[in-house]
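# Here's my sequence, what's the structure:
(2 chains)
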Amino acid sequence: MRAYQDMVFSTAARLTGNRSQAEDLAQEVFLKAYENFGQLRESTSVGGWLKTVTTNLTINHLQRYRKRWRFFSELRARDDDGEEVEIDVPVADTLLKDLDASQRHIVIEEALQRLPEHQRVPLVLFHFEEMPYDEIARTLGVSLAKVKVDILRGRAALAKLLTHRGVADVGGEH
Amino acid sequence: MTTPPDSHMAHERLERLMNEVLRDQPPLQAPASLEARVFGQLAARRALPWWRKSFKHWPATARLAFVVASAGFVKLAFVIMNLWNAGASGRSLTESFAPEITVARVVPSVFTSLANTVPSTWLYAGIGVVAIAYFMFFGLGALAYRTLYAPRLQH
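Reported below is the predicted structural model:
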């Protein structure tokens, strides 16, 4: 468990954007691993199994939660999918370069957490879980166009958050 | 609709930049309490009595007794069906279940006579009040969620 707990927790935390939910999900993952201990003990792909189960459990958790409150939370009109996205954020190629490694990691994680769920989840699945677009669309039950737009908007939003943070840090400390 | 070339290049540049930024992110450190929670939950599950666990964890004798009892209930159901189909014995079956049959006949008739004595205006008004109350609480729930709970999730 110690060898994989950070990986499992990270996956859940980045997808949910919430550490306490991530801890609950990580607990559930390891309990499932215990139930399947017999087959996992002899498997060489324990890490892959754990990652897949974590991703699936987290997505199910997010979707179950969203379905339960859908009527309450989505009464207003939503952004359209498939619209052309204009990127007008000036993104420095030296983003966060003036921060040391540990500060960069913290700033990036905080910025990821601040993204709205419909952008953060596909972004994390693409960049961290290395899922292709069509698999993300199938997993989340949305159209391919929506996934592409959400990932693009997520990247733009993340870049904007990091640019402001990077400028603020550079300006403040140096 | 085609993407203008400048926009396409900006998208590609953004993707490369985000790949570079996110590629080197180390995994987050799991909280120290996670291990204790998992092992605590496992110990709690082991401490459960067998009848609170799933069927495959029951002792062999309990599983056998359950299967035998289930088969017995199935047989009893067939016996009752056969008795019901055979006319004379069916009458004796009806006599044995007479109290239950009486209750099953009387209860709906009480409701029917009540409905007949209450004026229809009152009846419809009552249904309307119940419907309004239902939707009112539904709306209150939505308002409470959007004002008290949803904003917390954003942070």
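
# do you know how far the residue most central in space within chain B is from chain A?
Taking Cα atoms, centre = their mean as the criterion, residue B:54 is the residue nearest the geometric centre of chain B, at 18.2 Å. Look at residue B:54 and chain A: by Cβ to the nearest Cβ, to the nearest Å, they are 10 Å apart. Glycine gets a C-beta too; all of them are placed from N, C-alpha and C.

# same question, residue B:85
Between residue B:85 and chain A the distance, using Cβ to the nearest Cβ, works out to 47 Å.

# how many other residues sit next to that residue?
Other residues within reach of residue B:85 by the criterion other Cβ atoms under 10 Å in any protein chain shown amount to 9.

# now the helices for chain B?
Under the criterion DSSP state H, chain B contains helices at B:5-23, B:33-47, B:60-85, B:87-96, B:98-117, B:120-144, B:150-154.

# ok, back up a step: pLDDT at the residue nearest to the centre of chain B, what is it?
Reading off the confidence values, residue B:54 has pLDDT 84.

# now do residue B:1
The per-residue pLDDT reported for residue B:1 equals 46.

# What of residue B:100?
pLDDT, the model's per-residue confidence, is 69 for residue B:100.

# hang on, the earlier thing: mean pLDDT lowest where, among the helices of chain B?
For the helices of chain B, the bottom mean pLDDT is recorded on helix B:87-96, which sits at a mean of 61.

# check whether the lengthiest helix in chain A contacts chain B.
Residue-count comparison of every helix in chain A, with assignments taken from DSSP H, identifies helix A:144-173 as the longest. Yes - Helix A:144-173 lies in contact with chain B when judged by Cβ under 8 Å from any Cβ of the partner chain; the contacting residues are A:152, A:155, A:156, A:158, A:159, A:162.

# Determine the number of other residues adjacent to the fifth one.
Applying other Cβ under 10 Å, we find 22 other residues in the vicinity of residue A:159.

# Test my guess that it contacts residue B:17.
Yes - under the criterion of Cβ atoms under 8 Å, residue A:159 makes contact with residue B:17 at 6.7 Å.

# In chain A, where is pLDDT below threshold?
Within chain A, the set of residues satisfying pLDDT under 70 comprises A:66-97, A:166-174.

# residue ranges of the helices in it, please?
Remark: helices of chain A, listed N- to C-terminal, are A:5-16, A:19-35, A:37-41, A:46-73, A:101-114, A:117-127, A:133-140, A:144-173; assignment by DSSP H.

# Great, nothing more from me.
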